[in-house]
Structures are given as structure tokens and as C-alpha cells.
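How does the following fold in three dimensions:
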Amino acid sequence: MSAVLWTLIALPSAAGVLLALAGRAADRVAPAVAVTVAAAGLALACAAAVGRPAVEAPLLAGLPLGLRVDGLSALLVVTVAAVSLAVLAFAVWDIGPGESRGRFFGLMLLFSGAMLATVTAADLVTLLMAWEVMGALSWALIGYWWPDTDRVRAANTAFLTTRAADLGLYLAAGAALAAGRPGSLAVDRLDETADPWLSLITAGVMVAALGKSAQLPFSFWLSRAMSGPSPVSALLHSATMVVAGAYLLLRLEPLLTASGWGGPAVAWTGAATAVLLGLVAVAQRDLKQLLAASSCAQIGFMVLAAGAHATTGGTLQLMAHAAAKSLAFLAAGAWLTLLGTKALPALRGAARRHRTAGVTFTVAALTLAGVPPLSLWAAKDVLLAAALEESAWLYAVGLAAAVVSAVYSAKALWFVWRPDDGRAAPGRPGEGRAATGRIPLVGGAPLGVLAAACAALTVTAFPPLRDTVARLIGYGAGTAPHVWEFALSGAVAVAASGAAWAWGARAVPVPHARVRGWLRDWLGLEAFVRTVVVRPVLGLARALAAFDDRVLDRGAETAALGVLRLARGTDRQVERGLLDAGVDGAAHGVVRLAARTDRHVEQGLADAAVEGIASAARGLGRWARRPQTGQLHQYLAQAVAALTVLAVVLVLVR
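Numbering: from 1, shown residues only. Purely as a prediction, here's the structure:
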């Protein structure tokens, strides 16, 4: 089974790389290749969910790359693969032949492969790599229409916000390594770490997960992510990047429990996000912005479940949300393609004119609203029952969030089903690209399949489904909701939906228009972050740059100029003076030495030569005077006598 798991990750990743690199040359075959690969991926995901394989490969010394399919990830790989197939099949119609289909479908397959690697990562090293790849691909997909500078800026905002939060995962990995425990990077053993490393790991995981899942205070980036194509929004919000943080918190629920403070902090953050971003969704006048804010709110329930130890309820919420939110975004994308608008007032009557999108969008909206007997009602009750065990106040906030979710869902339905009032539907450049005025089978079939998936999770099938999910993930079914909890939540959902329908298109009933603007502007979170974080950081950067330019650079330049001046002064005053003096002194010394040599050596040699010549002359003179004194005859007589004696001797000897 290990080959199944490797292929599950490698197949969409390799196909995505090839399509993206081929670019426009692959536009003709890209849709068919992408759908085929996604279908094969779904089959592999089902096989992996049944076989539960685990694989490991060497990466770094002591840090292997590990993938594993356990109970929780088994449900997620099937969910991710199924939603990816539905979204890619819809994109065959939505992303027309005039677009760069090779690049689009290639990036989408890579995005799906990164999410599959994320949910099967067995250690923090593998998780970090998949996490980063997913973030980079989200930037590329949100900025898919890159000639539009507004979309590129939106992609940059989304990427930088999530990237800043991702640093928490590096903190967690560093703390796990610093703990020095064998197997410290294994995801399922992080709760075994001792303090203070345990608290650091918990804090890092929380920051990274809340940022990725667009929870407070990071929620605003999801508003900017709406600049991408509708299939990107459908996949991003439903089963991939935006739910990755919630999935990580659900998976690491034992870590939150072990820390002591992590569970309550996560639960209250999720509950606050579910309420406040639900109100943001109510205030929106743009359908995609409404759905984006509702994603933050619905994922807030999953985060609440992770903190309240309701892993089963959070998993049910995640699965149902994946089907409902992908369906809602695809239906909204169909209207955007057909009508060229996403403004709610301009979408009046859209559900009547395009019934396929209208009916399926209604199923998705009722599921999000929690109206019985659809799935999110049951899932919310499971996690709210766990919240009630933690705190009555936490349960009250969660129930209020459920009421708000019914309000924004009913508001969206009111606009799309209200008879057209004759207003024109203004198109936007780059959108509304369909050649026909109806949804073809290739675009309508995924909507029908997703609607059936939403409707299949009804309250009649809920108890056995809950028990099955609990048995699969191994966390236990948790506290079963009481009958009064089912009745209360169902009643408030129906009442809130009816009230919102009756209210219609009137303004949000808040005391001041400025508050409505604040809600419509996503609580002013982006402006707040720019004021509190971005501007001070940029101001500090500018101050440091100015200090660098005006102080350090000028100081360095001044020091360099001083050195040059000193060098020139040394050249003029010291080196030349000393050298000249040295040369002059040496010259004078040589002259004096030569003079002394001339006086002592040359004169001495000359005098000696003269004296020798004079002595020789005197000797010769003496020898010359001797013949003149008569002694020459004496010398001759002596010589004769000597010769005579010599002759006698010779005679005698003979």
C-alpha cells in the first residue's frame, strides 16, 4: 500500500508541474488531463483510506520525510480528492478556451497535491514543506489574472498575511527540536513534550493554524482572496488551504489539552470568529464577499470544536462545509460567468433564470444555515454539546453564531430568488466569459453531485454517521446532544432564517451607518493591521534605512575620506620628507665615504707605491755606484778564484 500513498501525492503534483511548465502549449489537453488525474486521485484516496498506509523516506540526517494515513486523515484525503474532482470538472466550462488553461489546471493540481501532503504529513518537516507549497500556490492562483494589478496586490496581501502567521509553525518545529526528545518532530507525539517547549509548540501551532484558516485577527486576507477565479475560491475555501488550519488543530487536540491553556484559547477564538465574521457576512452586498466571510464563520465552528475537545463534531463540520461551500462558490461562479456580476442587487432573479445553479445554491445555503434536516445543523449540535460541557457562556456564543449563519444564508437566498427588478447586471472585465446563456452538462453535473452530498448527510442518518466517524478517527463520539439541544438550535435556525427573509434587502439593523461600514469593511482588520503592524514596521525599516544612509554610510564615507586625506598628507609630509631626507643623508654619507676612501685608501696606496718605487730606485743607485768605486775588479778576482778551485776539485775527483 505504500505505493498507493506515494502515487496519491506524486500523481497530481507531477501532472501539475508538467501542465504549468507547458503553459499555453498544453491549453487544449489541460482540462482532460486535469479531470483524469483528479479522478485517479479520488480512486487512490479511497484505496489509501481503506489500507491506511504509512511511508518514510530519508531527507536529512535524523529528519526523515514521513507520510501516514490514519483515521482522521483517511476522511480528509477522500474529501479533498472528491471536492478537487468536482471543482476541476466545473472549471472545464468556467475557464474558457481563451484563458491560459495549462497554467490554471496545472496550478490547481499542484494545489490539491500540496493539501493531500498536508493532511497525510506524519512529522513537522513534511508538514512545513507542504504548508509552504500550498501558500505559494494560493498566491499564484489568487493572482491568476496577473495583468490586473489590483488582483496581484490582493494576492500579495493574502500571501504576506498567511506567510507571517506561518512563522508560528517554524517556532513550533524549533521548540520541538530544542526539546531534544526522540521523535520530537512526530505530529502525534508533540503532546509528550515537557514545558516550556510544550507551550512554545502550542503557541506556534495556534498562530499558524489561525492564520491559515483566516480566524481573528487574520480574517481580512480571505476577503482579498476573492480576486481569483471562482473555481479557485471554491477549492481554496472548501477542502484545501482555508480548512488546513482547522484540520491541524483538530489533529493536534491532544496537544491543546496537554498545554492546559491552548484548548480554551482556541475555543474562544473560534467562537468569536464565528459570531463577528458572521455579522460581516450579513453586512456584505457582494455575493463572493458574503461567502468568504461565511467561510471564516463556519471554520470558526471547527476551531471551537478543536478547543472544546469535540473532534468528531469538528470533523463532521469540516466534511459538510467542504461540500456546501464548494457548491455555493461554484453556483456563484456560474452566475458570475453567465451574468458578469457578483453584486447581490444585480443578482435578483438569478436563481429563477438559471434553475440548476439556483436549486443547488439553495441546498448549499440551507446547509450553511443549519436548517433541519441538513447536515451542518447536526454537526453544530455535536460540537455545541461539547461546548456546553466546557462553559455555558461558550455554548451561548456558539449558539449566537449559529443564528447569525442562518441570517446571512437567508439573505443570499432572498436576493437570488427575488424577482428581477429590471436592474442591469454590470459585467466586469475578464469575467462573464461563457459563450452560452445556460450551464452545460459539464458545468451542471458537479453542482448536482455536490448538492446530493450535502443532502445525504441528514439528521435521519446522523447518529450512525456520527458513530462511524468517531470510530474511524479514534477520538470517541463525544457527548451526544440532548433532544432539547436539537430542538433549540433547529428552532432558532428556522426563526432566524424566516426573519432574515422577511427583512429582505433593507440595511442591517445596527445603530449607526458607521458601524455598517465597519462591518462591511471586515471589521477594519486590514486597516488596523496596516496601522498597528505594517506602518510601524515600514517606519522602523525606513528609520533604519535613513540611519544607514545618513549615519552609517556617511560615517563610513567620512572615515574613508579621512583615511584618504591622511594618506595624501602622509605622502606629502611624511613619506616624501623622510624619504628625501633619507636619500639625501645616504647620498652625503656615500660622498663622505668616498672622500674618506679617497683620502685614506687611495692616498695610502699611492704613497706606498711611490715609496716602493723610490726604494727600488735607491737600491739600483747603490748598485750602480759600486762599479765606480773599484770593487768591480775585486768581484772579478773572487770569481776567477772560485772557478779555479772548482776546476781542481773536478780533476781530483776524476
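
Tell me where the protein has strands.
Here the chain has its strands, by DSSP state E, at 54-60, 63-68.

just these: most buried one?
strand 63-68 (a mean of 19; mean count of other C-beta atoms under 10 Å). The way it works is simple: take the backbone N, C-alpha and C, and place the C-beta from them, glycine included.

does A292 really touch R224, like I thought?
No: between A292 and R224 there is no contact under C-beta atoms under 8 Å: 9.2 Å.

picking that back up, which of the strands of the chain sits closest to V275?
Counting by C-beta to C-beta, V275 lies closest to strand 63-68 out of the strands of the chain; the figure is 35.9 Å.

Could you check the angle the closest one makes with strand 54-60?
If you take axes from the mean of the first three to the mean of the last three C-alpha atoms, to 10 degrees, strand 63-68 sits at 160 degrees to strand 54-60.

chain center to strand 63-68: distance?
Put simply, strand 63-68 sits 20 Å off its chain's centre (C-alpha atoms, centre = their mean, to the nearest Å).

for stretch 173-182, same thing?
Once both centres are worked out by C-alpha atoms, centre = their mean, stretch 173-182 turns out to sit 22 Å from its chain's centre.

Please name the nearest non-neighbouring residue to A34.
Nearest residue to A34, sequence neighbours excluded (C-beta to C-beta, 6 or more residues apart in numbering): F105, at 3.8 Å.

Export the strands of the chain to CSV and append columns for distance to P536.
Below are the strands of the chain laid out as CSV (distance: least, C-beta to C-beta, whole Å):
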stretch, distance to P536
strand 54-60, 37
strand 63-68, 36
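
what's the closest of those strands to K342?
Comparison of the strands of the chain against K342 by C-beta to C-beta identifies strand 63-68 as nearest, at 38.5 Å.

Check which helices and strands that closest one is in contact with.
Judged by 3 or more C-beta pairs under 8 Å, 6 or more residues apart in numbering; DSSP states H and E, strand 63-68 is in contact with helix 2-22, strand 54-60, helix 101-120, helix 124-142.

Would you point to the one among these that's packed deepest?
When the helices and strands packed on strand 63-68 are scored by mean count of other C-beta under 10 Å, the highest mean neighbour count falls to helix 101-120 (a mean of 26).

tell me what it is packed against?
Under the contact criterion of 3+ C-beta pairs under 8 Å, 6+ apart, helix 101-120 touches helix 2-22, helix 30-51, strand 63-68, helix 71-94, helix 124-142, helix 230-238, helix 241-251.

Just the angle for the fourth one relative to helix 101-120, thanks.
Angle between the axes of helix 71-94 and helix 101-120 is 170 degrees (criterion: the same axes, to 10 degrees).

by how many degrees do helix 71-94 and helix 241-251 diverge?
Angle, helix 71-94 to helix 241-251, by the same axes, to 10 degrees: 170 degrees.

what residue ranges in the stretch 301-450 of the chain score low on pLDDT?
Counting by pLDDT under 70, the stretch 301-450 of the chain has low-confidence residues at 373-378, 421-437.

Would you map the helices across it?
Assignment of helices within the stretch 301-450 of the chain using DSSP state H, counting those that start in this stretch yields the ranges 311-339, 350-353, 355-369, 375-390, 392-417, 441-456.

Would you single out the least confident of the helices and strands packed on helix 101-120?
Among the helices and strands packed on helix 101-120, strand 63-68 has the lowest mean pLDDT, at a mean of 88.

Okay, angle between that one and helix 2-22 too, please.
Between strand 63-68 and helix 2-22, the angle comes out at 100 degrees (the same axes, to 10 degrees).

Alpha carbons of strand 63-68, as PDB, please.
Written as PDB, here are the backbone C-alpha positions of strand 63-68 (Å, rounded to 0.1, in the frame of the first residue of the first chain):
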ATOM      1  CA  LEU A  63      14.900  14.000  10.000                       C
ATOM      2  CA  PRO A  64      13.000  11.600   7.600                       C
ATOM      3  CA  LEU A  65      10.100  12.600   5.400                       C
ATOM      4  CA  GLY A  66       7.100  10.700   6.600                       C
ATOM      5  CA  LEU A  67       3.500  10.300   5.300                       C
ATOM      6  CA  ARG A  68       0.700   8.400   7.000                       C
END
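
that older thread, among the helices of the stretch 301-450 of the chain, which is the most enclosed?
Among those, ranked by average contacts under mean count of other C-beta under 10 Å, first place goes to helix 311-339 (a mean of 28).

elements contacting that helix?
If contacts are counted by 3+ C-beta pairs under 8 Å, 6+ apart, helix 311-339 sits against helix 71-94, helix 230-238, helix 241-251, helix 287-307, helix 355-369, helix 375-390, helix 441-456, helix 462-473.

domains of the chain?
Domain ranges of the chain: 2-520, 521-565, per automatic domain parsing.

Quick one: closest of those to S615.
For the domains of the chain, proximity to S615 was assessed by C-beta to C-beta; domain 521-565 is nearest, at 71.3 Å.

if I pick the closest residue to A331 other than its chain neighbours, what's in contact with it?
Leaving aside its sequence neighbours, A331 sits nearest to F361 (C-beta to C-beta, 6+ apart; 3.8 Å). Contact analysis of F361 by C-beta atoms under 8 Å, 6 or more residues apart in numbering lists L327, A328, A331, A332, A351, A412, L413, V416.

Include distance to A14 when you put these into CSV, please.
Converted to CSV, those look like this (distance: C-beta to C-beta, whole Å):
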residue, distance to A14
L327, 29
A328, 31
A331, 32
A332, 32
A351, 40
A412, 39
L413, 42
V416, 40
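
Throw the domains of the chain into CSV and include distance to A616, thanks.
Shown next, in CSV, are these (distance: least, C-beta to C-beta, whole Å):
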stretch, distance to A616
domain 2-520, 99
domain 521-565, 72
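
Quick check: buried residues in the lengthiest helix in the chain?
Ranked by residue count and defined by DSSP state H, the top helix of the chain is helix 149-179. Of the residues in helix 149-179, 151-152, 154-155, 157-159, 161-162, 164-166, 168-169, 171-173, 175-177, 179 count as buried by neighbour count, 16 or more other C-beta atoms under 10 Å.

circling back: who wins for proximity to A470 among the helices of the stretch 301-450 of the chain?
Closest approach to A470 among those is made by helix 311-339 (4.5 Å; C-beta to C-beta).

angle of the closest one against helix 230-238?
170 degrees.

now the angle between helix 287-307 and helix 311-339, please.
Relative orientation of helix 311-339 and helix 287-307, computed by the same axes, to 10 degrees: 170 degrees.

what about stretch 224-242, how long is it end to end?
The straight-line separation of the ends of stretch 224-242 (C-alpha to C-alpha, to the nearest Å) is 13 Å.

And the residue nearest to A331, how far from S409?
Separation of F361 from S409 (C-beta to C-beta, to the nearest Å) stands at 10 Å.

Which residue of A292 and R224 possesses the greater neighbour count?
A292 (29 against 22; other C-beta atoms under 10 Å).

if I pick V469, what's in contact with it?
By C-beta under 8 Å, 6+ apart, the neighbours of V469 are L75, T312, T315, L316.

ok, W6 touching V55?
Yes: between W6 and V55 there is a contact under C-beta under 8 Å: 6.2 Å.
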